[in-house]
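K.L.:
model this:
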Amino acid sequence: MYSGNRSGGQGYWDGGGAAGAEPAPAGTLSAPLFSPGTYERLALLLGSIGLLGVGNNLLVLVLYYKFQRLRTPTHLLLVNISLSDLLVSLFGVTFTFVSCLRNGWVWDTVGCVWDGFSGSLFEKSSSHKCIYDAF
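P.N.:
This is a model prediction of the structure:
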């Protein structure tokens with residue numbers, strides 16, 4: 001279990017170190033969370049989701065650009081959602097995919113903050129577009 005605070009203090013993971021050992025630096029695990037086989041399966045799943053997300057959303061954007069008859073307000077809403085999903089597939093899945101390939105989170109604090117920020121930004125912008133366009 002992680003013990004630390006949100007103010008940037010030096011937190012550490014409990015339960016993984018030897019008795020009397022110094023706690024690991026903030027954001028590091030003293031033991032892997034999952035087995036290597038589980039990380040491989042997660043990497044395969046995330047890689048598949050990322051590739052399908054990028055491919056399908058690029059297809060939507062290309063079709064919208066290529067065919068004039070698709071340029072309606074309804075299709076524009078779908079293009080906006082597709083663009084947000086494309087950005088989530090590119091930026092949101094990449095950090096977690098690489099971490100699964102290396103059997104744990106490999107990024108520093110800035111990478112962690114960027115992963116959370118980009119996921120929240122692109123996912124929220126997609127849902128906010130739906131809400132705004134509904135009114």
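K.L.:
SS state for the residue nearest to residue 36 when sequence neighbours are not counted?
P.N.:
Leaving aside its chain neighbours, residue 36 sits nearest to residue 103 (5.7 Å; criterion: C-beta to C-beta, 6 or more residues apart in numbering). For glycine as for every other residue, the C-beta is placed from the backbone atoms N, C-alpha and C. State at residue 103, reduced to three classes by DSSP: H, G, I helix; E, B strand; the rest coil: coil.
K.L.:
number of nearby residues for residue 103?
P.N.:
Residues contacting residue 103 under the criterion other C-beta atoms under 10 Å number 18.
K.L.:
ok, it to residue 43 distance?
P.N.:
9 Å (C-beta to C-beta, to the nearest Å).
K.L.:
Return the distance of residue 86 relative to residue 63.
P.N.:
In terms of C-beta to C-beta, residue 86 sits 13 Å off from residue 63.
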